[in-house]
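Enquirer: Build the 3D model from these lines:
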Amino acid sequence: MRSYHSHALRLSGALFVFSLLAGCGSFVLSMIGAGAGAELSQHRNSVATRTFSVPFPEVKQAMLTVMEELEIRQDSTELRESSEVINAVAGSRSIEVEIETLSSTMTRVSVVARTQYFQPDAATAQEIIAQTARALGMV
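Expert: Below is the predicted model of the structure:
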């Protein structure tokens, strides 16, 4: 009998805590993500991002080298106000890489990878960022 009451008490306590957090889900997730994502940020839409304390030309060259090494075929490039977007293909995945100048010594990279059915592929996006960091000697 004691075991049943102990189990019921734990369950009701857990339900109480979850009910308190129900309205604060995004806050809790952001707190968890803040600790885990200091180096690499991952958003709900599977965009992997990282800011490098390296000038734009060096980051772009590293990215192009990584894309060649990983056999990611570049399809097109689009110039924007403070960034460049590279559209590419790797196997059945479409890859979009945005390299953005934040300052003369800081560059932000965002990568989105999607399957042929438009499903996000966070692992591929993260790996491209990780390999770019390696190419820049930041690992």
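
Enquirer: For stretch 95-114, measure first residue to last.
Expert: End-to-end distance for stretch 95-114, by CA to CA, to the nearest Å: 7 Å.

Enquirer: Quick check: buried residues in that stretch?
Expert: 95-101, 107-114 (16 or more other CB atoms under 10 Å). C-beta here means a position set from N, CA and C on the backbone, and glycine is covered the same way.

Enquirer: which residues touch Thr101?
Expert: 56, 82-83, 107 (CB atoms under 8 Å, 6 or more residues apart in numbering).

Enquirer: Out of the buried residues of stretch 95-114, the closest to Arg134 would be?
Expert: In terms of CB to CB, no member of the buried residues of stretch 95-114 lies closer to Arg134 than Val109, at 13.1 Å.

Enquirer: Give me the phi and psi for that closest one.
Expert: When quoted as degrees, to the nearest 10, the phi and psi of Val109 stand at phi -120, psi 130.

Enquirer: who does it bridge with?
Expert: Arg50, Ile99 (DSSP bridges).

Enquirer: Correct me if wrong: it contacts Lys60.
Expert: No - in this structure, Val109 is not within contact of Lys60 by CB atoms under 8 Å, at 9.3 Å.

Enquirer: Name the residues contacting each of the two.
Expert: Ile99.

Enquirer: among the contacts of Thr101, which ones are buried?
Expert: Of the members of the contacts of Thr101, the ones counted as buried by neighbours, 16+ other CB under 10 Å, are 56, 83, 107.

Enquirer: Check which residues of the helix or strand harbouring Ile129 are buried.
Expert: Using DSSP states H and E, Ile129 sits in helix 122-135. With burial defined by 16+ other CB under 10 Å, the residues of helix 122-135 counted as buried are 122, 124-133, 135.
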